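Student: 3D model of this:
(one chain, ligands or ions: 1)
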Amino acid sequence: MFLVTGATGSLGRRIVRQLREANLPVRAFVRLFSRYNELEDRGAEIFIGDLKQDKDIAKACQGVDYIISAHGSGNDTQALDYRANIELIDQALANGVKHFVYISVLGVERNYSDAPVFKAKREVEKYLINSGLSYTILRPSGFANNLLPLAERFKDTGIYLLIGDPQHRSSIVSTDDLARIAIASVSTEGAKNQIFAVGGPDILNREDIPRIFAHLFSQDPIIINPPLFVFDGLRTGLGLFNPQLQRSLGTLRTLLAHEFYCTPDEINRLETVYNFKLESLESFLRRYLG
Ligand SMILES: NC(=O)c1ccc[n+]([C@@H]2O[C@H](COP(=O)([O-])OP(=O)(O)OC[C@H]3O[C@@H](n4cnc5c(N)ncnc54)[C@H](OP(=O)(O)O)[C@@H]3O)[C@@H](O)[C@H]2O)c1
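Tutor: So this is what the prediction gives:
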């Protein structure tokens, strides 16, 4: 039995789908008010709970062989990115879980001090590595599905908003490939107790993204490119009214200000260990947008 947290999220939903397509048993950890009908229809066991509640985590982990931690945090990084994962790891140990797959983030080891999610993920990684559990840590770059609504808007308007340096490099990953890698990690010998950077096959400049959209929709892009200090000014202004929001925007600022891409060696290692070719961003977008 797999336990998947964040089962209604962009990644978790795909993990549950792929597990059910392979006819594997999966318990989907969901909140009562989330949209989990599709998961239920596919034959997932629905566990209703809240990852902020230790007793829910303890109950969800009973009788589980594998855990894939794929939840996000909203605004509560301390409770969800950090505490819930520590509790999941403790319960994995208590329940004799065979393998724990943790979704971290690319660049987590760079110790960005202004990015709460990065800090939490780094601490969870350390805790998992020292736990004695069999584990795989996946450090993905940005997910391709994030671009689907932007592509839809581009299709209607031709507009693409690009904040910060257009030359910055990224390795957007197909969210379906990441789901496949997360599942395969429990049964791939070369993935045991390993950390992988996970990205798409191509290193893209951020300005390549509207070009890919332009190619897909045969439409010239209108790129609006405010510099990072505009974001900083807005963030400071918001902080006067809501200091908590200002702090949590630190993660977004870190993402906007730095490069997040995988080297060809990292991609080669991934394709070798997991034995498949990663999908390009353009191919992912074509599949979803037709
Ligand atoms: N998106 C990216 O580009 C990216 C890049 C690198 C790493 N990551 C990491 O990858 C993971 C998955 O990201 P994602 O984009 O798929 O996340 P997402 O779409 O934002 O989904 C978040 C999931 O967490 C669940 N969740 C939030 N609070 C919860 C709570 N209190 N109790 C139970 N479930 C709760 C949500 O449930 P509801 O449906 O109820 O809200 C949802 O299923 C995250 O750890 C993220 O940090 C993401």
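
Student: give me the number of residues near the residue in the chain that the ligand sits nearest to?
Tutor: Nearest to the ligand, among the residues of the chain, is Gly9, at 2.3 Å (C-beta to the nearest ligand atom). From N, CA and C alone the C-beta is placed, and that goes for glycine too. By other C-beta atoms under 10 Å, the residues close to Gly9 number 20.

Student: How is the residue nearest to it when sequence neighbours are not counted assigned, secondary-structure-wise?
Tutor: Once flanking residues are discounted, Gly9 sits nearest to Gly72: 5.8 Å by C-beta to C-beta, 6 or more residues apart in numbering. What DSSP: H, G, I helix; E, B strand; the rest coil gives for Gly72 is coil.

Student: In contact with Gly72, which residues?
Tutor: 6, 9, 80-81 (C-beta atoms under 8 Å, 6 or more residues apart in numbering).

Student: export these to JSON lines and tack on secondary structure and pLDDT?
Tutor: JSON lines is the format used below for these (DSSP: H, G, I helix; E, B strand; the rest coil; pLDDT from 0 to 100):
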{"residue": "Gly6", "secondary structure": "coil", "pLDDT": "98"}
{"residue": "Gly9", "secondary structure": "coil", "pLDDT": "97"}
{"residue": "Leu80", "secondary structure": "helix", "pLDDT": "97"}
{"residue": "Asp81", "secondary structure": "helix", "pLDDT": "97"}
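
Student: Which residues are in contact with the residue of the chain closest to the ligand?
Tutor: Gly9 touches 70-72, counting by C-beta under 8 Å, 6+ apart.

Student: next one: Ser141
Tutor: 106, 170-173, 197-200, 260-262.

Student: circling back: give the buried subset of the contacts of Gly72 as a ChimeraX selection command.
Tutor: Restricted to buried positions by 16 or more other C-beta atoms under 10 Å, the ChimeraX selection for the contacts of Gly72 reads:
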select :6,9,80,81
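
Student: Including distance to Thr272, could the contacts of Gly72 go into CSV?
Tutor: CSV is the format used below for the contacts of Gly72 (distance: C-beta to C-beta, whole Å):
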residue, distance to Thr272
Gly6, 28
Gly9, 28
Leu80, 33
Asp81, 30
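
Student: of all the contacts of Gly72, which two lie farthest apart?
Tutor: Greatest spacing in the contacts of Gly72, by C-beta to C-beta: Gly9 and Asp81 (13.0 Å).

Student: The contacts of Gly9 also near the ligand: which ones?
Tutor: When C-beta under 6 Å from any ligand atom is applied, the members of the contacts of Gly9 adjacent to the ligand are 70-72.

Student: Now do the strands in the stretch 51-200 of the chain.
Tutor: In the stretch 51-200 of the chain, the segments counted as strands under DSSP state E, counting those that start in this stretch are 66-69, 99-103, 135-140, 159-161, 169-170, 194-198.

Student: of these, which approaches Leu204 most closely?
Tutor: The nearest among the strands of the stretch 51-200 of the chain, by C-beta to C-beta, is strand 169-170 at 5.6 Å.
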